[in-house]
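J.: sequence unknown, structure follows:
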Ligand SMILES: [Zn+2]
């Protein structure tokens, strides 16, 4: 019942989103059947936000080894090229690699977006908290992030979002717009890092699945709106 109610709300914002179970069956099936990848020898990396609410979303693919955690606040792959290299070196012999990435956004049954009801909390809270904080700061025109060691990830996330600031503020759904912008940032970074580290991979193919994780209430499955499914031929990178 709860799931069916969420299905309606989620699809108003993300018409192509699939629930957790459908997402894992669909993409693991594609890897195994269409691309003849042996899913019993796949190491997964994730680049999703550190938020505890995303832990269940990474179990979409819990038949795979891993995850190697690349993401920090917002889902940005803060582990960088050293992290990508380490991940490459951990892939099973004759196996392959899978990278699952993207930002997250909460929805509520009342039709709210950018917020959610967290486990055992009465009041709704922000999701993604890091992105909604960046959005509230951007709404103050005089604000500019200042890089510092004590809040490195949030400042770096905000700095990466600055080129999208006007577009986000002009959108009629700013919460969704900042999430879409973050998707682009993560997507580009993953490809850049993969390309820069391609000689570290002793496999022919790396599978990438990127999109937006949609958080629902505790007790209902999360959703995923896929934006990119790509089995990368490492020799052509
Ligand atoms: Zn978050």
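T.: Looks like it arrived, so ask away. Predicted, not measured: the structure shown is a model, and the values here were computed from it.

J.: which SS class is residue 60?
T.: Following DSSP: H, G, I helix; E, B strand; the rest coil, we place residue 60 in the helix state.

J.: tell me the contacts of it?
T.: 20, 23-24, 100, 224 (C-beta atoms under 8 Å, 6 or more residues apart in numbering). From N, CA and C alone the C-beta is placed, and that goes for glycine too.

J.: okay, those in CSV with secondary structure and pLDDT next?
T.: Listed next are those as CSV, based on DSSP: H, G, I helix; E, B strand; the rest coil; pLDDT from 0 to 100:
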residue, secondary structure, pLDDT
20, helix, 86
23, helix, 94
24, helix, 92
100, strand, 96
224, strand, 96
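
J.: with neighbour count and distance to residue 151 added, can I get these in TSV?
T.: Formatted as TSV, the contacts of residue 60 follow (neighbours: other C-beta atoms under 10 Å; distance: C-beta to C-beta, whole Å):
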residue	neighbour count	distance to residue 151
20	19	32
23	24	33
24	18	35
100	27	26
224	29	29
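
J.: now those residues in TSV, with distance to residue 113?
T.: Formatted as TSV, the contacts of residue 60 follow (distance: C-beta to C-beta, whole Å):
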residue	distance to residue 113
20	19
23	20
24	24
100	22
224	16
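
J.: which of the residues you listed sit farthest apart?
T.: The most widely separated members of the contacts of residue 60, counting by C-beta to C-beta, are 20 and 100 (12.0 Å).

J.: and the lengthiest helix in the chain, anywhere near the ion?
T.: Secondary structure of the chain per DSSP state H: the longest helix is helix 174-196. No - Helix 174-196 stays clear of the ion (C-beta under 5 Å from the ion), getting no nearer than 9.3 Å.

J.: give the buried residues for that helix.
T.: For helix 174-196, burial by neighbour count (16 or more other C-beta atoms under 10 Å) applies to 174-187, 189-191, 193-194.

J.: elements contacting the following helix or strand past that helix?
T.: Toward the C-terminus, helix 174-196 is succeeded by strand 205-215 as the next helix or strand (DSSP states H and E). For strand 205-215, the elements it packs on are strand 96-101, strand 104-106, helix 174-196, strand 223-233, judged by 3 or more C-beta pairs under 8 Å, 6 or more residues apart in numbering; DSSP states H and E.

J.: show me what from the chain comes close to the ion.
T.: Proximity of the chain to the ion is confined to 49, 51, 128, 130 under the rule C-beta under 5 Å from the ion.

J.: recalculate using a threshold of 6 Å.
T.: Taking C-beta under 6 Å from the ion as the measure of proximity, the chain contacts the ion at 49, 51, 104, 128-130.

J.: any chance of JSON lines for the helices and strands packed on strand 205-215, columns distance to residue 140?
T.: Formatted as JSON lines, those follow (distance: least, C-beta to C-beta, whole Å):
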{"stretch": "strand 96-101", "distance to residue 140": "30"}
{"stretch": "strand 104-106", "distance to residue 140": "22"}
{"stretch": "helix 174-196", "distance to residue 140": "13"}
{"stretch": "strand 223-233", "distance to residue 140": "30"}
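
J.: nice, that's everything, thank you.
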